[in-house]
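Visitor: Here's my sequence, what's the structure:
(chains A and B, ligands or ions: 2)
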Amino acid sequence: MLTINNLKVGIGNKQILKGLDLTVNTGEVHAIMGPNGSGKSTLANVLAGRDNYEVMSGTVEYDGRDLFELAPEERAREGIFLAFQYPVEIPGVNNIYLLKAALNGIRKHQGKGALDAVEFLQVVREKMKLVKMDESLLNRSVNEGFSGGEKKRNEIFQMAVLDPRLAILDETDSGLDIDALKTVAEGVNSLRNESRSIVLVTHYQRLLNYIVPDYVHVLSDGKIIRSGSRELAVELEEKGYDWVRQEARAA
Amino acid sequence: MTDETAKVEELVHQDYEHGFVTDIDTDTVAPGLNEDVIALISAKKEEPEWLLEWRLKAFEHWTRMAEPSWAHVHYPPIDFQGISYYSAPKAGTDGPKSLDEVDPKLLETYEKLGIPLHEQKMLAGVAVDAVFDSVSVATTFKEKLADAGVIFCSFSEAVQNHPDIVREYLGSVVPVADNYYAALNSAVFTDGSFCFIPKNTRCPMELSTYFRINAANTGQFERTLVVAEEGSHVSYLEGCTAPMRDENQLHAAVVELVALDNAEIKYSTVQNWYPGDENGVGGIYNFVTKRGDCRGAGSRISWTQVETGSAITWKYPSCILRGDNSSGEFYSVAVTNNYQQADTGTKMIHLGRNTRSTIISKGISAGKAQNAYRGLVNISKRADNARNYTQCDSLLMGDTCGAHTFPYIETRNASAIVEHEATTSKISDDQLFYCRQRGIDEEDAVNMIVNGFCKDVFKELPMEFAVEAQKLLNITLEGAVG
Ligand SMILES: Nc1ncnc2c1ncn2[C@@H]1O[C@H](COP(=O)(O)OP(=O)(O)OP(=O)(O)O)[C@@H](O)[C@H]1O
Ligand SMILES: [Mg+2]
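Guide: Ligands and ions are numbered 1, 2, ... in the order given. Model (predicted):
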């Protein structure tokens, strides 16, 4: 589904990703962990098509296509979804209105007809339950005045409605209380299936108790320096990033 | 040049949708302005003597006045002697009795504009008084209004059929010598709309007028008068658009509103005059004086405007809060693109006690446009417990446009509470990217964000206008990504 090959990305004069490789197959869940500033959000944003980064070299194939040939909205319509680390506020734009425009844009791309208000609302009601979204958030302006946790929940709610094939969740667990973390994780789990791939960026192995990944990767200084199973996250928690860095250097 | 600017440069041009000229024979007076021309206009309209005298008095003032230069707009000097001050469609000289009598070509023009009169008649329940050049040629729903005792007709008809009301109120809000353009209008106005709502009457429908400039080189000078008697209520919609044309056209209208005790007037405008091309050639000069007088206690006047057109807009719909407990509101969206210039805002003059005013202004600039908010809040000595809330937001698209804010506050009463908030923002890359990541293309994302920015104003518009306003906004800013 997704093949990243020797990806180098910079911003201004600064190189952030320094030759990153990653392969995600259909139906797999990959967790990416790594210290602050190591380039996790950069990777997520570049995959989603954010254009203030400069792709210096490397390739990304998505579904056999060159991802870099697609505009951000085309990537979204082709099934890539990014749950943002810091979801932006858009004053005056109704949360549900944006979501309806998004869903119908994606459906149009898929050759399906637009949902009318009633059909759309049906989808919304069903998906709201998944993440126990508070109904009052639906008709507020996008993320405006949402608490940190509400913003994260709204991202997963959008994911549920838009039904992506590749979901990238950038620290969706940060800022959630224990109960919310559980709910959101359950939501994500219920969206987990053999045709959908998920990339989870997280700092906490706690999340991985709920969403058990197929693979765990350590991203440090712009490279994946170690990959392993669920156990790697546990080990990381005990020993810290210095341990992997040293091991990587030694190797 | 940044990437963003380049994108704006590349995308900020949008052909004017309403660019066509209807070919109708016009009965046009030779260019020039003097007492004879004024007498001729007055004679053509078979006006009473007092009105001719009133016009001549205005003209006399005008000849001694200087064109104002304080606004943040720039344009070559206007040759007032080069303008023809009267033009009427030939077919309309006797005035059609029904839509069947209206020149089919004109009806076709309205169809192109998306204003099918007959459909509107059925669907929207809106009475339409269409001003075509200077003479009204179609009025609908008269009967229903007449049943309610509401008078809604062209200004000329009002002069013929209700001279006493016209005489009592004309110039009582905007005096003949009020300002340069108002004086000019008073001297040469040819037609406009008149609306009178009797005591304790709720006007049974939204009233609407569409203005349109059609004859080349003809300045248009409308005169509108709305009088709401004690306890009455009216919502008046005004919208206009103009065909494409190269030379600048002067448009200097005057609108006067009078609200007596506990009366309410809601006046909404969507202004879409031809803005000129992307090089700043052509376009309408829109120098308008709009003023409402909350003459009675507990009265309320609310102005809502969506200004997307005109090369130059100079316009300050204002409220004189004379009656105790009266309130004035001003909700404005002003959009400028390419070389458009707008200097707009309001004046809230608090004279009565416990008077309230609210000002919500949203200015959007793109291209090389200049957009200024100019507002005055004046609290007089007598106006105990006066309140004003002003919110003035600017949105910039790209970095070659400008936004300016000139708020003036004059308070002579210590009990006044005046609040002013102002913000300037850009559509952020984060917002755009967020929308695009959800599958919404850039253009739609911009429209969505801009419409969100204007929401507080759009929600004041009657439904059918809100939709048109959003559409206009999207057309005006098509491609203006910033
Ligand atoms: N717009 C930018 N301008 C300059 N530097 C940037 C920009 N965006 C990211 N960076 C830098 O790139 C590096 C990687 O940032 P990134 O956000 O990808 O880290 P991260 O791994 O997601 O960190 P965290 O765990 O704190 O979220 C950081 O040093 C950051 O300061
Ligand atoms: Mg990050």
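Visitor: burial count for whatever residue of chain B ends up closest to ligand 1?
Guide: Closest residue of chain B to ligand 1, C-beta to the nearest ligand atom: B:Asp429 (9.9 Å). The C-beta positions use only the backbone N, C-alpha and C, and glycine is treated the same way. Other residues near B:Asp429 come to 14 when the count uses other C-beta atoms under 10 Å in any protein chain shown.
Visitor: And for A:Val131, nearest residue in space, chain neighbours not counted?
Guide: Excluding the flanking residues, the one nearest A:Val131 by C-beta to C-beta, 6 or more residues apart in numbering or on different chains is A:Gly187, at 4.1 Å.
Visitor: Does the one you found belong to a helix, a strand or coil?
Guide: Under DSSP: H, G, I helix; E, B strand; the rest coil, A:Gly187 falls in the helix class.
Visitor: contacting residues for it?
Guide: A:130-131, A:156-157, A:160 (C-beta atoms under 8 Å, 6 or more residues apart in numbering or on different chains).
Visitor: ditto for A:Glu150
Guide: A:134, A:137.
Visitor: do you know how far it is from ligand 2?
Guide: As judged by C-beta to the ion, to the nearest Å, A:Glu150 and ligand 2 stand 19 Å apart.
Visitor: Okay, and that residue sits in which element?
Guide: If you go by DSSP states H and E, A:Glu150 is part of helix A:148-162.
Visitor: Would you give the sheet partners of the helix or strand that comes right after that helix, along with the direction of each?
Guide: With elements assigned by DSSP H and E, the helix or strand that comes after helix A:148-162 is strand A:166-170. If you go by DSSP bridges, strand A:166-170 pairs up with strand A:80-83 (parallel), strand A:197-201 (parallel).
Visitor: picking up where we left off before, where does the residue nearest to A:Val131 land on pLDDT?
Guide: What the model reports as pLDDT for A:Gly187 is 91.
Visitor: From ligand 1, how far out is it?
Guide: 22 Å (C-beta to the nearest ligand atom, to the nearest Å).
Visitor: In a helix, B:Thr289, correct?
Guide: No: according to three-state DSSP, B:Thr289 belongs to no helix; its state is strand.
Visitor: and the closest residue to it other than its chain neighbours, what is it in contact with?
Guide: For B:Thr289, the nearest residue in space outside its immediate sequence neighbours is B:Ala182; the separation is 4.3 Å by C-beta to C-beta, 6+ apart. Counting by C-beta under 8 Å, 6+ apart, B:Ala182 touches B:174-176, B:252, B:254, B:289.
Visitor: And the residue nearest to A:Val131, how far from ligand 2?
Guide: 21 Å.
Visitor: thinking again about what came up before, would you format the contacts of B:Ala182 as CSV with pLDDT and distance to B:Ser299 included?
Guide: Formatted as CSV, the contacts of B:Ala182 follow (pLDDT from 0 to 100; distance: C-beta to C-beta, whole Å):
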residue, pLDDT, distance to B:Ser299
B:Val174, 96, 18
B:Pro175, 96, 20
B:Val176, 93, 24
B:Ala252, 91, 27
B:Val254, 95, 20
B:Thr289, 95, 20
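Visitor: In strands only, show me those residues.
Guide: Mapping the contacts of B:Ala182 onto strands (DSSP state E) picks out B:254, B:289.
Visitor: Farthest pair within the contacts of B:Ala182?
Guide: B:Pro175 and B:Ala252 (15.6 Å; C-beta to C-beta).
Visitor: Neighbour count for those two, which is higher?
Guide: B:Ala252 (24 against 13).
Visitor: how about the more buried one, phi and psi?
Guide: Here is the backbone geometry of B:Ala252 (degrees, to the nearest 10): phi -130, psi 90.
Visitor: thinking it is in contact with B:Val288, fair?
Guide: Yes: counting by C-beta atoms under 8 Å, B:Val288 is a contact partner of B:Ala252 at 6.8 Å.
Visitor: quick one, the helix holding A:Glu150 and strand A:166-170 angle?
Guide: Counting by axes from the mean of the first three to the mean of the last three C-alpha atoms, to 10 degrees, helix A:148-162 lies at 180 degrees to strand A:166-170.
Visitor: check whether helix A:148-162 contacts ligand 1.
Guide: No: no part of helix A:148-162 sits near ligand 1 under the criterion C-beta under 6 Å from any ligand atom; the closest distance found is 13.8 Å.
Visitor: What residues sit buried inside that helix?
Guide: Within helix A:148-162, the residues scored as buried using 16 or more other C-beta atoms under 10 Å in any protein chain shown are A:149-162.
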